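[1] Return a 3D structure for these sequence lines:
(one chain, ligands or ions: 1)
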Amino acid sequence: MKIGVLALQGAVREHLKHIELSGHEGIAIKHVEQLEEIDGLILPGGESTTLRRLMNLYGFKEALQQSELPMFGTCAGLIVMAKDIVGEEGYLNKLDITVQRNSFGRQVDSFESHLNITGIAEDIEGVFIRAPHIAQVHGNATILSSVGEKIVAVQEGRYLGVSFHPELTEDYRVTQYFIEHIVAKATIEQV
Ligand code: GLN
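    I've put the predicted structure just below:
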């Protein structure tokens, strides 16, 4: 399958590597026209205010709001996919969740935690960098993983969102799950 990585900001190369390790073709997406070429899209982490500004500038907001492409957001990518952001307006409105930005406090700017992710694996290493958490899950969004009380992974149909950075470890199973379960299923449904 062909999987795009939105290449406006963030760890694009690392995501492309995980796509290739999963046995699929990764494409850096810089223009909305390229969305036609792909079966699924990864929205990387970075800084969500900057990411939104760049997405506005290059026309990705409208294009992705109208798109049916399966999407996987990590960290800032999760924030832009949410319907609701605490204190701000939601952006792409793909995941029916409320996210809270920078929610793990200053002292724990960055940390790692072992995660049990439903349907993926029980031993995923989560790298959290000024990470958001999912404060509320609504409608059909389901919780896949939490750290203590804080939800850090959700899925709603063809949309997957995580608070952490799976691309910063060698373990590509979360990306592989997105491609082989979510994108593959959405592709079959379209035929
Ligand atoms: N703190 C960033 C934000 O709120 C997200 C951090 C990240 O993507 N690693 O946009």
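[2] worst-scoring helix or strand of this structure, pLDDT-wise?
    helix 184-190 (a mean of 88; mean pLDDT, DSSP states H and E).
[3] Name the residues of that one that are buried.
    The neighbour-count check on helix 184-190 (16 or more other C-beta atoms under 10 Å) flags Ala184, Ala186 as buried. No exception for glycine: its C-beta is placed from N, CA and C like everyone else's.
[4] residues touching the residue nearest to Pro44 when sequence neighbours are not counted, list them.
    What sits nearest to Pro44 in space, not counting adjacent residues and going by C-beta to C-beta, 6 or more residues apart in numbering, is Gly10, at 3.5 Å. Counting by C-beta atoms under 8 Å, 6 or more residues apart in numbering, Gly10 makes contact with Pro44, Gly45, Gly46, Leu51, Ala76, Gly77.
[5] Helices - which of those residues land there?
    Those of the contacts of Gly10 mapping onto helices are Leu51, Ala76, Gly77, per DSSP state H.
[6] ok, those residues vs the ligand, which is closest?
    Using C-beta to the nearest ligand atom, Ala76 is the member of the ones in helices among the contacts of Gly10 that sits closest to the ligand, with 3.5 Å.
[7] What about the closest one, how many residues nearby?
    A total of 25 residues lie near Ala76 under the criterion other C-beta atoms under 10 Å.
[8] in terms of contact, does it touch Gly45 like I think?
    Yes - using C-beta atoms under 8 Å, Ala76 is in contact with Gly45, at 4.7 Å.
[9] No further queries at this time; thank you.
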